[in-house]
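Novice: For reference, the sequence and a predicted model appear below.
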Amino acid sequence: MPYLFGVLNPDKTKEADRHNNQWLGPATLGIEITSDEFKPRCGLGNIDPQHPVGGVGGCSSAIEDALTFLLPLSGTRIVTQRQDKDSFGAMAVLMLRKQGKENRIDKMLVSWVGAMDRLGFASARDKYPELSDHFDGVETNAMNKIANDIELWPEIATKVEMIASILCHEMPREEMGHIASLARRSNNDFPFTMYGEVAFIEAPGQYSSARTWASRRFKVAIIVDPEFRTGQTGRQRRWTIVRQDGVFDRSGCEHAIHAAEAKARGITVKQLQEEGLSCGGPANIISCPQGLGREGQLSDDKLIAIVRAHLESGVVT
């Protein structure tokens, strides 16, 4: 394998510091590194078109940008903060290109993964029907399961190799179908409560599944996972806000959350951002910071009130 692949530990602990110090440095390339603590320590830069400084993401994603990004030298450490199919897919694309297999990569699948990551499934389906019609979900559902499951596939290099085999159509369809089936819930619905037109869903241990499920059904939804896995063994209460295209003042909501968080902590918004305590995400998502010691101070009621206000305002950003 031409590169070393790793995931940074977002926890505010000495163990996390030791782990991250081993991965960060002048020979490190970042993939979707959003932390102001980590970005300057990725000496070879950061592939992150969705989280630019000063605004929400554009019309590309990490896996798509990896198709044209200048290939780093063999032995480079490539790291991410996000264990999802976009980040691991970007690693897989870089590896395949380095191995001389660029022509075997399914560029349409890359585009579809990127579209779903930027927009969410429902909005990506509506905006790119030609891509949605081309794939039945087996490939991307298998990629989701591989990316998210650290029990079955604890090694990052294994995840990257498996996703690479899907991108090149080297994994048998029966195997992809089996992997995808492992992620299916016996009950396809998550319990939810409506606050106006905002859905609130608490889904212990089901963060990604609940977010995907909610994005297809509600204009705006808040998903809370009180058992979200962080680092190697930690757990935190993690929330995310997901919207459909054409609704909701996303920018205003993020600014309001930052102001409320800073006030609750007795610090400024600038300090909140400098200490890695700000929220963020691509165009249709706002997520709280990940990692032990970074948990938000806002109550569910306060978060719901802020989100409702920015949906009911009628402003769309």
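Specialist: Received the coordinates, thanks.

Novice: going forward, measure contacts between C-alpha atoms and count neighbours the same way
Specialist: Will do.

Novice: Can you say which helix or strand has residue 159 in it?
Specialist: helix 156-167 (DSSP states H and E).

Novice: Mind giving me the packing neighbours of that helix?
Specialist: Counting contacts by 3 or more C-alpha pairs under 8 Å, 6 or more residues apart in numbering; DSSP states H and E, helix 156-167 packs against strand 4-7, helix 85-98, helix 138-148.

Novice: nearest to residue 292, of those?
Specialist: strand 4-7 (15.4 Å; C-alpha to C-alpha).

Novice: From residue 23, how far off is the residue of the chain most remote from its centre?
Specialist: Using C-alpha atoms, centre = their mean, the residue of the chain lying farthest from its centre is residue 266. It sits 28.8 Å away. Look at residue 266 and residue 23: by C-alpha to C-alpha, to the nearest Å, they are 33 Å apart.

Novice: Share the number of residues neighbouring residue 175, please.
Specialist: 12 (other C-alpha atoms under 10 Å).

Novice: What strand or helix carries it?
Specialist: Counting by DSSP H and E, residue 175 is found in helix 173-181.

Novice: Please work out which residues outside that helix touch it.
Specialist: Contact with helix 173-181 is made by 138, 139, 141, 142, 143, 144, 145, 146, 166, as judged by C-alpha atoms under 8 Å, 6 or more residues apart in numbering.

Novice: the helices in the stretch 151-300 of the chain, which residues?
Specialist: If DSSP state H, counting those that start in this stretch is used as the criterion, the helices of the stretch 151-300 of the chain fall at 156-167, 173-181, 207-215, 250-265, 269-274, 300-312.

Novice: My guess is residue 12 contacts residue 294. True?
Specialist: Yes: Residue 12 lies in contact with residue 294 (C-alpha atoms under 8 Å); the separation is 7.4 Å.

Novice: Name the residue in those two with the higher neighbour count.
Specialist: residue 294 (19 against 14).

Novice: so what's that one up against?
Specialist: 11, 12, 276, 277.

Novice: now residue 7
Specialist: When contacts are counted by C-alpha under 8 Å, 6+ apart, residue 7 touches 79, 80, 81, 82, 83, 156.

Novice: Please report the distance of the third one from residue 157.
Specialist: This means residue 81. 15 Å.

Novice: and if you look at the fifth one?
Specialist: Counting by C-alpha to C-alpha, the separation of residue 83 from residue 157 is 12 Å.

Novice: pretty sure residue 164 is touching residue 96, no?
Specialist: Yes: if you go by C-alpha under 8 Å, residue 164 and residue 96 touch, sitting 7.1 Å apart.

Novice: can you list the weak-confidence ranges in the stretch 101-250 of the chain?
Specialist: Within the stretch 101-250 of the chain, the segments meeting pLDDT under 70 span 184-188, 231-233.

Novice: let's go with 90 and repeat that
Specialist: For the stretch 101-250 of the chain, the stretches with pLDDT under 90 are 116-127, 136, 148-151, 181-189, 205-209, 211-213, 215-216, 227-237, 244-246.

Novice: Alpha carbons of stretch 161-174, as PDB, please.
Specialist: Output of stretch 161-174 as PDB, limited to C-alpha atoms (Å, rounded to 0.1, in the frame of the first residue of the first chain):
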ATOM      1  CA  GLU A 161      -9.000  -1.200   0.400                       C
ATOM      2  CA  MET A 162     -12.600  -2.400   0.500                       C
ATOM      3  CA  ILE A 163     -14.100   0.900  -0.600                       C
ATOM      4  CA  ALA A 164     -11.400   1.000  -3.400                       C
ATOM      5  CA  SER A 165     -12.600  -2.400  -4.600                       C
ATOM      6  CA  ILE A 166     -16.200  -1.100  -4.800                       C
ATOM      7  CA  LEU A 167     -15.100   2.000  -6.700                       C
ATOM      8  CA  CYS A 168     -13.400  -0.300  -9.200                       C
ATOM      9  CA  HIS A 169     -16.200  -2.900  -9.300                       C
ATOM     10  CA  GLU A 170     -13.800  -5.500  -8.100                       C
ATOM     11  CA  MET A 171     -16.000  -6.500  -5.100                       C
ATOM     12  CA  PRO A 172     -18.600  -9.100  -6.100                       C
ATOM     13  CA  ARG A 173     -22.200  -7.700  -6.000                       C
ATOM     14  CA  GLU A 174     -23.200 -10.500  -3.700                       C
END
